[in-house]
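*Asks:* have a look at this prediction, sequence included:
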Amino acid sequence: MEYALLQAVFLPLLLSPLAYIIGRKVGHTAATWFTFGLLLYCTILIITASIGGTYEEHYPWTELFGEFGFMLDGLAAPFAIMIYVLCTILALYSKPYMLHKFHEFFKEQAPKPVYQSDGTVLESVSLEKFVNRQSGVYYALFLVFSMGMLGTVLATNLIEFYIFFEVMLIPAFLLIGFWGDHPRRRVALMFFFWTHVGAVILLLGLLAIGLNVGSFDFADINETDIPPGILLAAAVAIIIGLGVKLAAFGFHIWLPYAHGSAPTPISALLSPAMIGIGAYALFRLIVEFLPQTYADLSIWISIWGVATMFYGGAMALMQDDIKRVFAYSSISQMGYLLFGIGSMSTLGLAGAEMMYISHALGKGLLFMTAGVLIVHVGARHLSKLGGLAGKMPITAVCAFIGALTIMGVPPTSGFMGEWMLFYGVLETALEEGDDLRTLLFALGLVATVLTMSYILWMFKRVFLGKIPENLSKVKDGSWYMLAPMMVLAGFTIVVGIYPDIFLQKIMPYMQGVLGG
Amino acid sequence: MVDALFLGIAVLTIVSAIAALEMRSLIYGGLALMGTLGGIAGFFILLDSPFVALFQIAVYVGSIAVLILFVIMLVKSELIFQKKEDPKRRYAGIALMLILMICLGAVIFNSGLSSITTEEPPVDYKEIGEDFLIYYWPALIAMALVLAGSITGALILARRQDAVEDEQRTD
Amino acid sequence: MIELTSTPIIILAILGGVGVALPVISIAMKERGTVASYGIVTLIALFASIGYVLYQLALDHVAPAAIFSQDVLADDAFGSLFAIAMLIVAIFTTVGSFSYMKNKANPSVYFSLILLSTIGMVLVAYATDLVMLFVAWELMSIPTYILVGFLKKDPISNEAAIKYFLFGALASAIIIYGISLAYGITGSTNIGEVIQGFMVLDANLIPIGLLAVGMFIAGFGFKMGLVPFHMWLPDAYEGAPPTIAALLAAGTKKAGFAAALRVIVMGAVALSLDWTLALGIIAVMTMTVGNIAAIMQKNLARMLAYSSIGHAGYILIGLSIAPFSTIGIQGSLFHILNHAVMKGAAFIAVAGIVTALAVTHIEKIKGLGRRMPITALGLVISLLALAGVPPLNGFWSKLMLFASAIDAGTVVWWGPWLAVAGVLNSALSLAYYGWIIRKMYFEGETEKRIKEPRAIIAVMIFSIIFMVTIGVYPEPIIQFTEFATPAINVAFTP
Amino acid sequence: MATEIIATEGDAMFAWLIWILPFVAALIIPAVAKVSKLSTGRVAIGFAAMSAISAAMLFPMALEGHEIHSQVDWISAIGLKAGVLADPLSIIMANVVGWISFLIICYSTGYMKGDKDIVRFWFWMMFFIGSMQLIVLSDNLLQLFFGWEGVGLASYALIAFWYRDKAKHHVGKEGRTVLGIMEYYSPTHSGMKAFIMTKVGDVMMLAGMFLIFAFAGTFGFKELLADTAWAVNMSAEGLLVPAVVLLFGGAIGKSAQFPLNEWLLEAMTGPTAVSALIHAATMVKAGVFLVARLGPLVFALGAAGILVDQFFEIIAWVGAFTALLLATQAMVNPEIKKVLAYSTGSQIGYMMMALGIAGLSEQFVDGYTAGFYHMISHAMFKASLFMAAGSLLHVVGSRFMTDMGGLRKKMRKTYAFMWAAGLGLMGAPFITTGFWSKDAIFAAVYESGNEWALPIFIIAVLTAAITAFYTTRMMGLVFFGKESKHIEKMESEGHHIHDAPRSMWIPYGILAVLTIGIGVIGFSAEGGIHELFTEYLDESFGIQTPHIDVEISGSLGFLSGLNPIAVGASLVAFAVGFGLGYIFYIGRWVDPVKFINSNIFFYALHKVILNRWYLNAMIYWGFVIAPLWAARAIWRYFEKTAIDTGMNTGLERSVRFGAKVVQGTQTGVAQSYLFVFGAGLLFVVLILLI
Amino acid sequence: MSNELIDFVIVSVALLAIGIYGLSVKRNFIRMLFAVEIVINAANLNLVAFARFLPHSGGQTFALFSIAIAAAEVAVGLALIIVAYRMYKNIDVADFRSLKG
């Protein structure tokens, strides 16, 4: 098991040129399976490493900023596993979707044959060549993106954390910019810009902590009592920076654009995996490292969370584009995470992390559904969809399970996240006798009804009701798309019924954090 | 206490500096500049530094000013005469000049400089030579390179015809 | 008496000799030598110099940090760091010129002037005497005036040169004026003695000292591109041949910082007055103006010029909080080194584009990612590094700068605000870097690949490797900057 | 009889199997469908039967008062266990659910024959049953909540079963609006409505659960009872009653009690078998079961000296009000399934009322038994009625009673069985289970001695009369009088109207017969349950019942346990209701339309009742239209303008403006540059000096 | 010495200000060169004055350096004028404004 995490993080990066070459020379199917196999191997590495207690690796790095390490503890392991599981199966899912996209692009922008003056064709690019080249680039970027997200949650050093935090933006930016939907260029820039702004604000907070402690290593920070000097300012900077990442209310504006425009496999990574990393960072940086400040600020985090929950939900009701519905829904779900993180209770925090897992599963499913619709129906506006359940039953079932996960209905994992989270809020409210928290708890519960409303309404408009005439010949997706969805759907139910898989790791960590 | 000679040279220097900038004809302006430079040389002599003064006269009045005059002769005659300046810019320039004078002058005047006088004898010329050769010798080499570079560069720029035509950028 | 084998002297000898010899050889050969032949001679000289610098470093013949000697030059790590940066830039410029200067007149003088200017830059960093500093400064500047105007048939090149020249001349005069004041109140031109003099200055002479510092800021700030002394900079960079713009942005600008570090910071620290805030204000102004003006630019070179103004602001952060944080100057030095490579690479990429396509307008580089993939990649990576995106080298130096600003927050209230301004500007700068990337990669999908100049490719590949390697493992450079940092905090902090 | 926890392997296995088997069936049915679509029905029947038999296997044990409590590790990270708790209450309930759903499944094989989505139907039916059994057998609240939500989920899926929203599957009359709200619902809409409205209840229930968990640290019923310190603490903080009331909120949602009653009517868009299952065995009964589960627990706390009366008062009043509210609406509705649905809500109100009054009376067991007994009897006759109504719909092809009429000769079996079951609903004296259970409720209410006893008793009797009336009305409209135009049209088109196939009528026949059959021995059956529960409550909850010695003598001795006032009231109510119904609808001596229009008061009353007391419209205005309007306003005037334009475009513009300003200073004129340089020198010197 | 240091310095400041004025107002390149020369000479005056009053030889040495370098600068400046004149037939700097923004 030596170098397991090093491999898991850096193999995708180092082999990404190989993915490009394979895509270019052999073809997109080979690239797909290469990527899938590589990520699968890495996923297995992570899962085996996470069995048993905390697993760490350390390597020498800079003197000024500390060492380079990876750590799989109770907090990081679920995040890491979810990220790579999603990446792995989305690699397969990407194949038909991106193929569709490449064909679309080929029509639109393929190099026109170059004619010589006498009319003979000097040069032209065949569709196959075009697709192979594009898929090579796509999978290379995909691998880098995966690596960035994983590195973030495994980092053991503030600067290392920040580096990975930023590194994942670049491939995401390029992926959106290359293959997004209109207006992809503007959106790619907007995405990059906003998340970067968040990141640099975060950086200020990180620097303040690191410099106050005198070390950027997590282990040292955890052991040191940080002087209260500019602690509050640092915490606020961190929270705001991560708030942008989480697309919390007020800083959310980039998200609907980014999620709406990104190619769907990437949306399915951005929303479930990437933005939730903000929550991971909140756990690590605020809850674990700055417990005192956390105690002071938790109520505000909760309030912000509730506002985000409601706002995202209400806006999701108003959307017509299915991917934007999910985007706003992601905002709302991130509100749940914030709400849970503000709960100041072991179960609440554990619930928030479970919520990340379930959101990853559920929103992943829903975005994949959207992808199937885009590829096989060719429409993404709710007003143009309807009654598709009969035409694409497996997709509908998977989407329904995803919807249940987001709604928090048992036996999906959503419920396991939600009840713990809400209970945690209530527990603290009762312990502190805090009426405001009680009110927030009640509002949060009301928000679940709102969540349910927009999800069900979306589902009704897509899969139920009368079918528009032009859609009468729609077929279900290919197995490349359906199998990944079914895996996720199964996973969410297994976690929902037997959450111990993750809770066994999460609970001791959370107890340690709040107990210490 | 200011003596008359100093006052005379000061007036000459400053007035001819202004004249150099404000005279309508460039040629007269150039001549006025020589007056300024000569005035500075006069100050040098007042300051018991005849070596620097001679150098000043040799380099400036003897060569630079002449060079400038040549260039003036070279260009078309209508360019020699001043075009009308933008009055706004002119007033702004004058204001800047006065403010600078007043501010810097006030700073200097209020500082300890105003009380410095000396009765010590001036430094020997030989010291200058020693400085050059013992202490400043790398600087001297560097200056030689400056001069070499500037002369070759200036020659290349001023040369009329080139072996190969320059390409112009198209955008 | 300075040793004849010390680094600056040897560099002076090698480069000066070759620099003077080149035009002579050219005349002797009746101007028939090719660009490549002069270029290779130049390159050999430059590599020999950089080799000597490294050799001296490796043998520990170099004094650590910045020292003040009784001579006009000091062979210290501080100077070596700058020497390495300058020589790399000079190599970039030379290599980039191989293709750029093809079919242009007077290559021998061109390379000779590059060499002379390089000597100037290197000596500025090594200088420990104000006179030496000034002469080196002029040795650096005067050849660049000519180089900027080297395209004699190109009106904008000439216009750029004229503006640059006028500014340069005024700035030199201001520097002399400042030196004269500093000399007048301390009685010496040796920087070490000047600083000693400043430390024991009469209270009523302190305003004069400040006046001198102010004039130094203005005079050196002109080269560094500090607001409000930056006005010439975009015009000159845009008008100059892009290789020379690389030399200006990556080289001479850094020499300005070398001078500023030796003179302004040291002197100001010695005066122990509240001068840091002034530098801080200038830093914020500089980065804000540079970044905001860059956003709407249509010309690639001009955009890079503004971005380089912005970067001057970042570097100035480290200078302005030098007395409060140990990593401030380190960060500045690191960023200087990085910026030399990043901006150098970016301008050389522009030179490549100009050579191959004869355009610099951003709208016209659409699809560059397909037309000139390696150049475009080099440009993108250097732009991202400029933006401070990890894991590229620019990230680390910016990180250290912002870290130092926050670190200083425990001493001065405005420290963190510098960092805030810095990060926001850094984020803002992404808007226009991203814009270029967008044009190159996301538009113009129908473009065909064209042949890229080989020399440009070499520079690109080297700089990509440098940027990524340092980005991934910055430790050696950080160590080096620590080694090279002037120990002002110990000596002068009140 | 001694209550003891026995957990022999085999018996515990049965308890688990009861709820696991339907889920297993649900899982394998899609797989089976790949092989043969037809055999899915058989699989469903088989598993339903096995589940029911498993329940039956435990029945003897229940009669002996034993209970099974078997646990396995579940969420060990927080120390939660999953388990089954098979005590007499849950065993009886499991049997009722199991057998009635078995019959409904049998019925469905006929009713759903030929539907192309049959696999989905079986899946959700089995899921539904499994979830219900999970509720019944759970030993803790959290696990119960799994079943609870599962029931809601299944109801959503089944109500919206005909998701293609064809007109014939809608409920309500097209074009009819109340206060601007359409009273015409598609299956998918109804499904959502049901799911979301019950979710509101669920949310309250969650809150209640959490409150209890926060103090007790456990969800388990047994653990909650074992140590009641938590209740003392909660009561001290004034949170006990809110917590249990919130739990009751869940029951309100699921059992469609006021104010969350409105979803039940639209739930009629589902296949009738589903309606039968919802109304008789699963969904709405879940709420009653929850109250039955919690009632003794809370009462036991009350016995321990903690004030909990408010909880029972709320239950009783909610039940009573709902009973009246929905009964009135049943009087006027033209759709047969909706009449039955109203009636269900109303009857559930009775049960709640009984369970609530139980907590307010000296003898907890009386009300408790009455409520539970009524639930059992209601399950039988309501299942029967629904299935019969389903076969009517099946045959007639319309949901409106005005489209039927005069069917008694054409559909003899259905006619007979509906009368039998309908009499049960009406509470026809002495021969129906409905009579005995309702009478027990009356008696419990009357004897409770509570200050609210009398008003609730009056409401109960009034409701009973109304019940009798609307049942008679339904029978009259469907089977008596002339054939409607719709029927004539069908006949003229060659459709022969006849009884439903055997697979359909046998199930409701069985239940109808049972209604009467058990009704004949109803009182002694009630006595048996009463005795069983007395024992159970005593042993499990420590609720002592003062023993009342009643001398049993003579042939009419068994009647001596009856409360004469209750019996009298019951008889009068039946007589009045049936009589009025006969006058208007069977004898057709008075035309109801003319009668209503004869008088402004009747007219207004009719209109209010027909418009569901405007409750539905108000809920829509308040909780659908208004929030949507608010969301749209935010979307238009905040998100799109302030946030989107402000933060994206606005930022862009301001930066552009800044860039323009800065670029404006860069005039290109060297003199200005130099001027700025000079001024800059001055500036630097000044800031240095200052 | 009958003259005080401050007298020379004041003259030098005046010349500096006049030079800056000339640079920021005059449009003719040659006249701007004049202004540059004036500023440099102001600085030289300062140097020599300080050197006399310290007394110290360094100032004079520096003045010599500065004079020589000023000469080199002027040479370059004149070359630039000639190039400009050849292209535009004009030496009005205010008209050279194609680079801006």
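*Replies:* Okay, I see it. It should be emphasised that the depicted structure is a prediction, and the values quoted were computed from it without experimental measurement.

*Asks:* where does chain B dip in pLDDT?
*Replies:* B:1-2, B:77-83, B:161-171 (pLDDT under 70).

*Asks:* so where do the helices sit in it?
*Replies:* B:4-22, B:26-46, B:50-56, B:65-74, B:77-80, B:87-110, B:125-130, B:137-158 (DSSP state H).

*Asks:* so for chain D, which of these sits nearest?
*Replies:* helix B:87-110 (5.3 Å; CB to the nearest CB). Yep, even glycine has a C-beta here, placed from its N, CA and C like the rest.

*Asks:* show me the contacts for the closest residue to chain C within chain E.
*Replies:* Across chain E, the shortest distance to chain C (CB to the nearest CB) belongs to residue E:50, at 3.4 Å. Taking CB atoms under 8 Å, 6 or more residues apart in numbering or on different chains, we find residue E:50 in contact with C:180, C:183-184, E:5, E:56, E:59.

*Asks:* tell me the angle the stretch of helix or strand it belongs to makes with helix B:4-22.
*Replies:* Using DSSP states H and E, residue E:50 falls within helix E:29-53. Relative orientation of helix E:29-53 and helix B:4-22, computed by axes from the mean of the first three to the mean of the last three CA atoms, to 10 degrees: 160 degrees.

*Asks:* contacting residues around the residue nearest to residue A:182 when sequence neighbours are not counted?
*Replies:* Spatial nearest neighbour of residue A:182, chain neighbours left out: residue A:261 (7.4 Å); criterion: CB to CB, 6 or more residues apart in numbering or on different chains. Going by CB under 8 Å, 6+ apart, residue A:261 touches A:176, A:180-184, A:187-188.

*Asks:* do the same with residue D:310
*Replies:* So residue D:310 contacts D:241, D:245 (CB under 8 Å, 6+ apart).

*Asks:* tell me the pLDDT of it.
*Replies:* In this model, residue D:310 is scored at 87, pLDDT.

*Asks:* check the gap between it and chain B for me.
*Replies:* 84 Å (CB to the nearest CB, to the nearest Å).

*Asks:* need phi/psi at that residue.
*Replies:* The phi/psi pair for residue D:310 (degrees, to the nearest 10) reads phi -60, psi -40.

*Asks:* residues contacting residue E:25?
*Replies:* So, once contact is read as CB under 8 Å, 6+ apart, residue E:25 ends up touching B:21, B:85, B:89-90, B:93-94, D:671.

*Asks:* which residue packs closest to it, ignoring adjacent ones?
*Replies:* residue B:93 (3.7 Å).

*Asks:* ok, that neighbour - contacts?
*Replies:* D:675, E:21, E:24-25.

*Asks:* change it to 10 Å
*Replies:* Residues counted as contacts of residue B:93 (CB atoms under 10 Å, 6 or more residues apart in numbering or on different chains) are B:85-86, D:671, D:674-675, D:678, E:20-26.

*Asks:* how about the residues of chain D near chain C?
*Replies:* D:651-652, D:655-690 (CB under 10 Å from any CB of the partner chain).

*Asks:* which of those residues fall in helices?
*Replies:* D:651-652, D:655-665, D:670-689.

*Asks:* just the buried members of the residues you listed?
*Replies:* For these, a neighbour count by 16 or more other CB atoms under 10 Å in any protein chain shown gives the buried set as D:651-652, D:655, D:658-659, D:662-663, D:670-685, D:687-689.

*Asks:* can you sort out which of the residues you listed also neighbour chain B?
*Replies:* Within these, those near chain B by CB under 10 Å from any CB are D:671-672, D:674-676, D:678-679, D:681-682, D:685, D:689.

*Asks:* distance of residue A:254 from chain D?
*Replies:* Taking CB to the nearest CB, one finds residue A:254 at 8 Å from chain D.

*Asks:* do I have it right that that residue meets residue A:172?
*Replies:* No. With contact defined as CB atoms under 10 Å, residue A:254 does not count as touching residue A:172 (11.6 Å).

*Asks:* find the residues that touch each one of these two.
*Replies:* In contact with both residue A:254 and residue A:172: A:191-192, A:195, using CB under 10 Å, 6+ apart.

*Asks:* shaky segments in chain A?
*Replies:* In chain A, residues with pLDDT under 70: A:1, A:109-125, A:229, A:516.

*Asks:* tell me, what residue is most central in it?
*Replies:* residue A:273 (1.8 Å; CA atoms, centre = their mean).

*Asks:* residues contacting the residue nearest to it when sequence neighbours are not counted?
*Replies:* Among residues not flanking residue A:273 along the chain, residue A:83 sits closest, at 4.8 Å (CB to CB, 6+ apart). With contact taken as CB under 10 Å, 6+ apart, residue A:83 is in contact with A:43, A:46, A:146, A:148-150, A:152-154, A:269, A:272-274, A:276-277, A:280, A:360.

*Asks:* repeat that with 8 Å
*Replies:* Here residue A:83 is in contact with A:146, A:149-150, A:153, A:273, A:360 (criterion: CB under 8 Å, 6+ apart).

*Asks:* now, these that are in helices?
*Replies:* Those of the contacts of residue A:83 lying in helices (DSSP H): A:146, A:149-150, A:153, A:360.

*Asks:* chain D: which of those residues is nearest?
*Replies:* Taking the ones in helices among the contacts of residue A:83 together and measuring to chain D by CB to the nearest CB, the closest member is residue A:360, at 19.3 Å.

*Asks:* list the contacts of the residue nearest to residue B:10 when sequence neighbours are not counted.
*Replies:* Distances taken as CB to CB, 6+ apart put residue E:11 closest to residue B:10, at 5.0 Å, once the chain neighbours are dropped. Residues counted as contacts of residue E:11 (CB under 8 Å, 6+ apart) are B:10, B:13-14, B:43, E:42, E:45.

*Asks:* just put those in JSON lines and tack on neighbour count.
*Replies:* Converted to JSON lines, the contacts of residue E:11 look like this (neighbours: other CB atoms under 10 Å in any protein chain shown):
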{"residue": "B:10", "neighbour count": "22"}
{"residue": "B:13", "neighbour count": "28"}
{"residue": "B:14", "neighbour count": "17"}
{"residue": "B:43", "neighbour count": "28"}
{"residue": "E:42", "neighbour count": "29"}
{"residue": "E:45", "neighbour count": "27"}
